[in-house]
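Trainee: Take a look and give me a structure for this.
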Amino acid sequence: MAAHMLRIYEPLYAVGQQQVEPLFLPLPLANNDFAWREFRIYVDFYRQGRHRGLGRCGIFSPKFPLKSKIRTSQFFDFCRSHEEVDVCFFNPFPQVRYLAYNVWTQGEPWHPGLIQAAQSLMDAVGIPWKIDRMPRHDERFLAFSNFWAANEKFWDAYVGGILIPIAEFLQQQPDHPAAMQVMQDTYHSNKASFLPFIIERLFSTFISLHPEFSCKPYPIFDIRPYCLNEAEWEMAIAMKPSIDAADKNGCFTNDLVESLNQAAISNTAQGKRYFQNNPHPHTGRVISDHPTVSS
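Mentor: I've put the predicted structure just below:
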């Protein structure tokens, strides 16, 4: 039925790029802004009003089949079986719930200075979030890679209410210290600034702070295929019993939170060592270290 239409777009950002997933709608991009990455795509899409209309829509990377390890038709079926919710999403890193307290404590070891840069951005834009006080992100909220499809109400609240003000600030005040800070380089498999890693963590942050929106994560029962190497799998399994119990009871002691913080640091360190010589499964490249510039 039209009332439950599902539209997921695949960005086509390179000359001659072929569409990967036939179930997605092509989204040719005239402006391939490398510095902003997918943030630019969401901002332009929203400003054009393309999110408006019946049903839910999303913008998924061509890497969705690679990262999700499911058939795209399975995600479509999942969305259609939950037509009552505002947003359905897929998290291709389910193991992170056992390796970090939330998306920010996971990101900080990988991108030192991420939390401070994100907080400076929030303060400059006037978004009243305290990044270092974010709640627990379990499987209800944990999401990476922007694999979400939402209705117009959610788009207006999240993209219109959070991402658009950030975009306007960066465009209008590029020389502001907070704007310059988020555009500094950080560690990744190729050159990238803090900005895309901040943006991809805002979805989990938003839904964890806005229970008025109904969200449904695609269920993943076996995390092992998603672990990036054996060491990560072993660390996640070691943490799993205590974390599952805490999530079930809704009670994290200070000691357990600290254990997760240490797990995030340890997993990052071994991951950086491992991917110096082993190609990352999502990029096919080894990781280069791009040190941040002191502000």
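Trainee: Low-confidence stretches in the stretch 51-200 of the chain?
Mentor: 187-191 (pLDDT under 70).
Trainee: what ranges do the helices span in it?
Mentor: 64-68, 72-80, 103-110, 114-125, 152-158, 164-172, 177-182, 194-209 (DSSP state H, counting those that start in this stretch).
Trainee: Give the other helices and strands that the shortest one contacts.
Mentor: Using 3 or more CB pairs under 8 Å, 6 or more residues apart in numbering; DSSP states H and E, the elements in contact with helix 64-68 are helix 72-80. Yep, even glycine has a C-beta here, placed from its N, CA and C like the rest.
Trainee: What residues sit buried inside the helix it packs on?
Mentor: Thr72, Phe75, Phe76, Phe78, Cys79 (16 or more other CB atoms under 10 Å).
Trainee: Rebuild those as a markdown table, extending it with distance to Ser242.
Mentor: Below are these laid out as a markdown table (distance: CB to CB, whole Å):
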| residue | distance to Ser242 |
| --- | --- |
| Thr72 | 35 |
| Phe75 | 31 |
| Phe76 | 36 |
| Phe78 | 29 |
| Cys79 | 33 |
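Trainee: Closest to Gln181 out of those?
Mentor: Phe75 (35.5 Å; CB to CB).
Trainee: Can you give me the end-to-end span of stretch 105-122?
Mentor: 17 Å (CA to CA, to the nearest Å).
Trainee: my bad, should have said stretch 95-109
Mentor: End-to-end distance (CA to CA), stretch 95-109: 16 Å.
Trainee: For Arg37, find the nearest of the helices of the stretch 51-200 of the chain.
Mentor: helix 194-209 (4.2 Å).
Trainee: how about the closest one as CSV, C-alpha atoms only?
Mentor: Output of helix 194-209 as CSV, limited to C-alpha atoms (Å, rounded to 0.1, in the frame of the first residue of the first chain):
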residue,chain,number,x,y,z
PHE,A,194,36.3,14.2,12.8
LEU,A,195,33.0,15.3,11.2
PRO,A,196,31.7,12.1,9.6
PHE,A,197,32.5,10.1,12.8
ILE,A,198,30.6,12.6,14.8
ILE,A,199,27.7,12.6,12.5
GLU,A,200,27.3,8.8,12.4
ARG,A,201,27.1,8.8,16.2
LEU,A,202,24.3,11.4,16.3
PHE,A,203,21.6,8.9,15.3
SER,A,204,22.2,6.6,18.3
THR,A,205,22.5,9.7,20.5
PHE,A,206,19.2,11.1,19.2
ILE,A,207,17.1,8.0,19.5
SER,A,208,18.5,7.3,23.0
LEU,A,209,17.4,10.7,24.2
